[in-house]
Structures are given as structure tokens and as C-alpha cells.
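S.K.: sequence unknown, structure follows:
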């Protein structure tokens, strides 16, 4: 064979080899992008507005009669959401709504339900359904907490309240409310088979029903309608955050107490779990300082996590950021990618996982598991 | 090997005397100098708190400096990659035709240098040239940002080497085209065509749906199979620079694919060169 022809054969062989390599690269990458980004709930999108409007099933509060020499009140007041109407007025503590039904149908919700189902010999959700007719997976829509009051909304028409409140005294209240008082006086209220309210005293529950039925104007809502986006949303008082941080980072807790007035929280769980906490305060320079301190604390925490080999924590802090918004506000963003959660909640998929924390950590870290 | 290195050295000397490359070197140096002078980064306890370019705030979030710089390195990687490829295609198109120009080629063939060594040397010289340019740009930005933030990383340099490897696949075809038709324009057009086809090949599984199932789709898939995945390599280079995890096997196969394609093109060029009478 002449030497030049060797070059041609070599060229053809090399092109074939290149094709083989590139074909294998395609098989391995499987068309998946490496740059899937976490979507943060940063604003109320059109779907959230639509959802909020669909929930406004209550008529507007009657307009207050205008006092003499006072301008007439606006002619129309907005329709109302029963759950938000039932919550006590804005407090300095925590007011939070969990979209239970949406979370149940999200990837993380499904994983957590598996945990619940696989834990122990029986399924507590199924037991509850059989005993009381209450199907939490299907019937529960939202759970809200504000101050001492907890309100669950949904379709509880099939629930057997007589059995659920077997030893309670039922007191009808308002147009559609029933207050159940336990033997020790602990009240629970049910409104129109749509809401179950608990916490506080009987008077507080009467007030909630009055607010829902329009006999009492709740004033400033605990959670404004424009903040009802994400699968978990609400407001947290700065004091509550400071208490949470106290002991772990006293300096940061002190700064929160001084600078922040209100923290609005939104968590999206429809794909990954992404959280946005919007911090507001009256003094913009103090809020600015707080944002820098928080950013620095995160960076420091990440370096510490890297140094101490806590790869998972370092990976999470990679996705955390502080976004200054100016005018005395900033956002703190944190994400838990679904891949990360699946890795750490892998034991949920196992039937009857280990119960003790030591056993559980062994499942999380196979290297620590005893060799069979 | 000595002959190949000598030819490669000639290419580098020739590049140094060309205005194009002097302008490129000057532009990169000027860009780096402006960045060094105008960029002010406020790092508090390892977190990048504020960034100003010539006094104007660039906004952005407060986060660990190395995390905040990832998108910067990623953008740098894309600029070096695509910018380098386009510049390389235009600026290096003339090396092959000038090597084969009447008078010079006869002189070169009279020397104790084999034909394949001439082409291999030219290819090696251009590869070194592109690698040096990419490393200078990416390395310069790494140094400037390293000095300003204390974040030192070699990832942009790795990404730059990927860009050089990708260009080598394109340039090998340009050299082969120059052997076939002694024209800088034809050489550049071949480089440009492979650049575009390489991007198409990166998304061929998405594009194949455009063709109805049958011969057309099979031909498209067969023709694009051996082509270097230009856009896929650019994404991987961006991921490396931006500290996004990259599957090592995918990276290896993509690099090997581009490298072997370059050698295949070079072998084809040598075969064509061997057929020619000068």
C-alpha cells in the first residue's frame, strides 16, 4: 500500500473514532442540561393572582356609614378569602399560610407523604380517613397560623365531626359556625364544613367567625392579599427571627431586632424548594448594614462548612444570597434543590426506616452504616 | 519532531509580526488594565458586598465572593471561547495559504522537512497560538479578580484550554481546505461553516425533530455525528469556569471527539498534500 493512502485510511478511521466518542458523550449526557436553575418566588405572578381571586368566595364587608363632614367611604370593598378573613389582625409574631394541597402534589410533598406512609406498621393518614372520614391528602387545602390561632381550610363535608369531637359540647355560633368545647374547655370551631379553627380561647374563635361572616371588620389583615404567593407564605416579626437566631449568632439576632420591622416569607416547592425572605425596616442604613452582616455570616458559614468537610451545608450555602432592594429592604434567598432533598430523604422510600436518630444518620451517610 | 517544532516556531514568529495578533494582544491587555483600574470590589468577611465599575454600582447580591464571581468567570469563559474561535478563524485563515504560496512552498519542500511535518507544524503552531491567547485573556481576568477579592481559581484557565482544543478541530479543517484550494477566504469560510455546523451538531437531537422520520433525518444525524460539538464544549467550559459540576466522562468524550476529529482532518489534509505536485 502506498504511504499517501495510509493517511486517507487514518483520516477515515479517526473520523469514525471521533463519531464514536461523540456518540458516547451524547449517551452519557442524555440531553440533560447542567444548568437547571432554581426559580425563586420573588413576586406575585398571574397564576397566583388568579388563585387568590378564585378564593375570594365571601361577599365584601359592608361599607361603614360615612360620618357627617367626612368623605364618603369607597363604594365597593373587595370580596374576601374566608381563611385570611378568619385570621386575627396583623400581629408582631408569626402569620403563615401553608398551601397543604399544593405541597401534597409537589415532588417534595409526595416524598414526605411517602415518609408518613412508610413510617411504622400503619398509615396514619389512612387511619384518620377510616376513623373520621377526614381525608387530609384530598380534603385539606390550606393551613394558616396567626398568633395562637390555627385555621385549616378545605372540603370537610365528609368528615364525621360527631366522632371527631365525641366528648365535646357543640355550641352553634353565627350563621354557619359551630364551636366544640372539650371537657377542659379547649375550643375548636368548624365553619360551614370549610374551616376548622383551633387555638386561643372561645372568644378568639367567636371573633374569627364574626370576621368571616362579616359582623366584625378585622382591620389590617395578618397577611395582605398581594403577599399570597408560593406554597408557604406569610409574615414574621423581627423578634421571632431574633429569637430563632439567639444563641447561634447573637450579633445577627441583635441587628435583626434593631433594624428589621417585618419579614415577608415565600416558599416555592413546586420544583425545588426555594425560599425568599423579604426584610423591611424603617432605617435604610441599618437595614443595609444588616444585609451586609447577613451576607458575611453566610460567606463565613460556607467557609467553615467547607473547612470542616460539611459538603452538603456548603453546597446549600452556595445557593444562598442576599439581594439588596434599596429603600430599607433586602431579600434573603435560599434553595434546597430537589436532587439534594431526594438524597437526604431517600430513607422515606424505604418501608419501615430506622427510627432512632443514630440509625437515621447511618442511612444518610452509608459510610457510617455498620458493615453487614 | 524537531522539524515540526521548527515549523510551529515559524508560525509563532509570523503571528508576532502580524498586526491582527498585535491588536488582539493589545486589546486584551487594555481590557485587563481597565478592569484592574476601574473595578472596585468590596469584600466583607469573604462576602462580596458591593461592586463598582468606574464609580457606578453594578448592584448584585451579597454572597460569598467566590460564589458571586462564578457568573463572571462563566461569562469570561464564553467570551474567550466564542470570541477566540471567531477571531482565530479570521486571523489564522491566511497561515495555510501563505505556507503553500508559490515560491515559499517550493523553498520549504527543498528543505529536509517532510510534507506531513509541514502541516503538523503549522497546526501545532496555531494551536499554541490560540492556547496562549485564551490563557492570557482568562488568566489575566483571574489574576485581576484574584487580587481584588482574594479568590484565586484556575478554573478559567481550564476553560480556556477547552476553547483552544475546540479551535484546533476547526483549524485542522481550515488547513485541509487551504491545501485543497489555496485561498484564505475559502479557508475562513470552511472554518466558519464548521463553527456553525459544530453548534448545530451540539443540538442535533433537538433539531432532528425538524426532519420527518426517514432518509433526510438519517442523513442529517449521520453527517453531524463526527462533527466537534462546539456549543456543548462551550457550555462545559462555562460550567468549569463557573464551578458547576461537570460529568468527567462527558467532558472526556467531548474533548476526545474534538481532538480526534482534528487529527482526522489533519490526516485528510496531509493525504491531499501528498497528492499535490509543486
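M.R.: Okay, I see it. Keep in mind the model is a prediction, meaning the values are calculated, not measured.
S.K.: any idea how far apart the tips of stretch B:237-248 sit?
M.R.: 12 Å (C-alpha to C-alpha, to the nearest Å).
S.K.: what's the offset of that stretch from the middle of its chain?
M.R.: 17 Å (C-alpha atoms, centre = their mean, to the nearest Å).
S.K.: all helices for the stretch 101-250 of chain B, in order.
M.R.: Assigned by DSSP state H, counting those that start in this stretch, the stretch 101-250 of chain B shows helices spanning B:104-110, B:115-149, B:155-180, B:184-202, B:204-207, B:215-224, B:230-241, B:248-275.
S.K.: which of those sits closest to chain A?
M.R.: Nearest to chain A among the helices of the stretch 101-250 of chain B is helix B:248-275 (3.2 Å), distances taken as C-beta to the nearest C-beta. C-betas here are computed from N, CA, C, even on glycine.
S.K.: name the helices or strands packed onto the closest one?
M.R.: Applying 3 or more C-beta pairs under 8 Å, 6 or more residues apart in numbering or on different chains; DSSP states H and E, one finds that helix B:248-275 makes contact with helix A:3-29, helix B:115-149, helix B:155-180, helix B:230-241.
S.K.: residue nearest the centroid of chain A?
M.R.: Note on chain A: the residue nearest the mean C-alpha position is residue A:232, at 2.8 Å, using C-alpha atoms, centre = their mean.
S.K.: measure how buried residue B:78 is and give me the count.
M.R.: 18 (other C-beta atoms under 10 Å in any protein chain shown).
S.K.: helix or strand right after the helix or strand hosting it?
M.R.: Using DSSP states H and E, residue B:78 falls within helix B:65-78. Going down the chain from helix B:65-78, the next helix or strand is helix B:84-91, by DSSP H and E.
S.K.: I'd like the average pLDDT over that following helix.
M.R.: Averaged over helix B:84-91, pLDDT sits at 88.
S.K.: return the distance of it from the chain's centre.
M.R.: On C-alpha atoms, centre = their mean, the centre of helix B:84-91 falls 8 Å from that of its chain.
S.K.: I'd like the next helix or strand past that helix.
M.R.: Following helix B:84-91 in sequence order, the next helix or strand is helix B:95-99 (DSSP H and E).
S.K.: who does that next one touch, helix- and strand-wise?
M.R.: Contacts defined by 3+ C-beta pairs under 8 Å, 6+ apart place helix B:95-99 against helix B:2-16, helix B:104-110, helix B:115-149, helix B:155-180, helix B:184-202.
S.K.: against which helices or strands is the shortest one packed?
M.R.: Under the contact criterion of 3+ C-beta pairs under 8 Å, 6+ apart, the helices and strands touching helix B:104-110 comprise helix B:95-99.
S.K.: for the residue nearest to the centre of chain A, give its distance to chain B.
M.R.: 22 Å (C-beta to the nearest C-beta, to the nearest Å).
S.K.: wait, doesn't that residue sit right on residue A:97?
M.R.: Yes: with contact defined as C-beta atoms under 8 Å, residue A:232 and residue A:97 form a contacting pair (7.1 Å).
S.K.: for those two, list the residues in contact with both.
M.R.: Shared contacts of residue A:232 and residue A:97 (C-beta atoms under 8 Å, 6 or more residues apart in numbering or on different chains): none.
S.K.: next, count neighbours for residue 168.
M.R.: Since you didn't name a chain, this refers to chain A. Considering only other C-beta under 10 Å, residue A:168 is surrounded by 18 other residues.
S.K.: to clarify, I was referring to chain B.
M.R.: Residue B:168 has 25 neighbours, counted by other C-beta under 10 Å.
S.K.: quick one: contacts for it?
M.R.: Contacts of residue B:168 (C-beta under 8 Å, 6+ apart): B:123, B:126, B:127, B:130, B:258, B:259, B:262.
S.K.: can you check residue B:220 too?
M.R.: So residue B:220 contacts B:204, B:207, B:208, B:211 (C-beta under 8 Å, 6+ apart).
S.K.: most surrounded residue in the residues you listed?
M.R.: Counting by other C-beta under 10 Å, top hit in the contacts of residue B:220: residue B:204 with 18 neighbours.
S.K.: quick one: that one and residue B:221 touch, right?
M.R.: Yes: with contact defined as C-beta under 8 Å, residue B:204 counts as touching residue B:221 (6.5 Å).
S.K.: quick one: the strands in the stretch 51-200 of chain A?
M.R.: In the stretch 51-200 of chain A, strands defined by DSSP state E, counting those that start in this stretch lie at A:94-98, A:140-146, A:149-154, A:169-173, A:177-181, A:187-191, A:195-198, listed in chain order.
S.K.: what sits up against the last one?
M.R.: Contact partners of strand A:195-198, identified using C-beta under 8 Å, 6+ apart, comprise A:82-83, A:86, A:149-153, A:156, A:187-191, A:205, A:208-209, A:212.
S.K.: also the longest one?
M.R.: For strand A:140-146, the external contacting residues (C-beta under 8 Å, 6+ apart) are A:83-84, A:86-88, A:91, A:93-101, A:104, A:150-155, A:222-223, A:234.
S.K.: just the buried members of the residues you listed?
M.R.: Buried members of the contacts of strand A:140-146, scored by 16 or more other C-beta atoms under 10 Å in any protein chain shown, are A:83-84, A:86-88, A:91, A:93-101, A:104, A:150-154, A:222-223, A:234.
S.K.: so which helix or strand takes in residue A:265?
M.R.: According to DSSP H and E, residue A:265 maps onto strand A:262-268.
S.K.: contacts only, for the closest residue to chain A within the stretch 1-150 of chain B.
M.R.: Nearest to chain A in the stretch 1-150 of chain B, going by C-beta to the nearest C-beta, is residue B:62, at a distance of 3.0 Å. Each residue near residue B:62 by C-beta under 8 Å, 6+ apart is listed here: A:291, A:292, A:294, A:295, A:296, A:321, A:322, A:323, A:324, B:47, B:48, B:49.
S.K.: now it, nearest residue through space, not along the chain?
M.R.: residue A:295 (3.0 Å; C-beta to C-beta, 6 or more residues apart in numbering or on different chains).
S.K.: that neighbour - how many residues pack around it?
M.R.: Counted with other C-beta under 10 Å, the neighbours of residue A:295 add up to 28.
S.K.: try residue B:226
M.R.: With other C-beta under 10 Å as criterion, residue B:226 counts 21.
S.K.: same check on the one 4 residues further on?
M.R.: Using other C-beta under 10 Å, residue B:230 has 25 neighbouring residues.
S.K.: next: residue A:306.
M.R.: Counted with other C-beta under 10 Å, residue A:306 comes out at 17.
S.K.: quick check: it touching residue A:315?
M.R.: No: Residue A:306 is beyond contact range of residue A:315, at 9.7 Å (criterion: C-beta under 8 Å).
S.K.: picking that back up, make JSON lines out of the strands of the stretch 51-200 of chain A and add distance to residue A:23 and mean pLDDT.
M.R.: What follows is the strands of the stretch 51-200 of chain A, written out as JSON lines (distance: least, C-beta to C-beta, whole Å; pLDDT from 0 to 100):
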{"stretch": "strand A:94-98", "distance to residue A:23": "48", "mean pLDDT": "92"}
{"stretch": "strand A:140-146", "distance to residue A:23": "50", "mean pLDDT": "93"}
{"stretch": "strand A:149-154", "distance to residue A:23": "52", "mean pLDDT": "93"}
{"stretch": "strand A:169-173", "distance to residue A:23": "72", "mean pLDDT": "94"}
{"stretch": "strand A:177-181", "distance to residue A:23": "68", "mean pLDDT": "94"}
{"stretch": "strand A:187-191", "distance to residue A:23": "63", "mean pLDDT": "94"}
{"stretch": "strand A:195-198", "distance to residue A:23": "59", "mean pLDDT": "94"}
